[in-house]
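Peer 1: just need the structure, nothing else, for what follows:
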Amino acid sequence: MRGGQARPEELQIAGLTRLSTCDWPGRLVATAFLQGCPWACTYCHNPELIDPRTPGTVAWSEVRDLIARRHGLLDGVVFSGGEPTRQPALVAAAREVRDAGLGVGLHTGGAYPRRLEAVLPLVDWVGFDVKAPADLYQAVTGVASSARAVERSLRLVLDAGVAVQVRTTVDPTVLSADDVSRLGRALAALGVTDHVLQEVRPQGTRPEYAAALDEVLRSGGRTLVRDLSSAAI
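Peer 2: Numbering: from 1, shown residues only. The predicted model follows:
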């Protein structure tokens, strides 16, 4: 860090998808997965990205070289995670992507409102994860204060006028159809117009969660996303 300003080279990058058509709807992008997350969500399918002490495995120079080689092919770079706003170097990295003439996409759960606010002026699109109604947030993230941070962060994104898609991964070990429905109504009241429900994937999750999910689904006690389509906005 030079003069208090983190440099892109300081990013802990855990992985790089060099070409993706699904990380930013309608765009062809590269996606950098950043290490570290303050939450341990029930259904996390990349638990190895949670520990912030784990060093990165991809150098920023690889992202920089990819941008140069595929200039004219890529529409942008998406920063995902983990929770990308955890890392101070995200701002400088986003600025470099913008300076290269590419769009900047951001996947965030809204854990760090102040850091999100700092990077938002450099962001063209946000994929914002809203995991549950506020009263059930701790049950998903394991952190009591997580709902308050998310509410602040989502308000920042909506007020900034940045294009945003709100996504909810429906965890049937926590959420009922009624919970999903009231979440949809709450988001609509805030002004969210693009809310997508995603089906939880057992692949890559912790063994104890995969077992709990299997038990819930076999018991028929909760429904999957395909049965909740009427609850979406």
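
Peer 1: pull out the buried residues from the helix or strand bottoming out on mean pLDDT in the chain.
Peer 2: The helix or strand of the chain with the poorest confidence is helix 207-219; it has a mean of 90 (mean pLDDT, DSSP states H and E). Under the neighbour-count criterion of 16 or more other C-beta atoms under 10 Å, helix 207-219 has 209-210, 212-213, 217 buried. C-beta coordinates here come from the backbone N, C-alpha and C atoms, glycine included.

Peer 1: give the contact list for residue 151.
Peer 2: Residues in contact with residue 151 (C-beta atoms under 8 Å, 6 or more residues apart in numbering) are residue 134.

Peer 1: and it, what element?
Peer 2: Assessed by DSSP states H and E, residue 151 sits inside helix 146-160.

Peer 1: what's the helix or strand following that helix packed up against?
Peer 2: Counting by DSSP H and E, the next helix or strand C-terminal to helix 146-160 is strand 163-170. Packing partners of strand 163-170 (3 or more C-beta pairs under 8 Å, 6 or more residues apart in numbering; DSSP states H and E): strand 125-129, helix 146-160, helix 177-190, strand 195-199.

Peer 1: and those, which is most packed in?
Peer 2: Highest mean neighbour count of the helices and strands packed on strand 163-170: strand 125-129, a mean of 22 (counted as mean count of other C-beta atoms under 10 Å).

Peer 1: for the record, mean pLDDT for it?
Peer 2: Mean pLDDT, strand 125-129: 98.

Peer 1: just checking, what packs against whichever helix or strand comes after that strand?
Peer 2: Sequence order places helix 137-141 as the next helix or strand after strand 125-129, per DSSP H and E. In this structure, helix 137-141 packs against helix 146-160, with contacts taken as 3+ C-beta pairs under 8 Å, 6+ apart.

Peer 1: give the rounded mean pLDDT of the helix it packs on.
Peer 2: 98.

Peer 1: now do stretch 179-195
Peer 2: 97.

Peer 1: use 46 as the first number for this chain going forward.
Peer 2: That works, and once the first residue is 46, the last one we named lands at stretch 224-240.

Peer 1: just checking, residue 262 touches residue 216?
Peer 2: No. Residue 262 lies out of contact with residue 216 (C-beta atoms under 8 Å); the separation is 11.4 Å.
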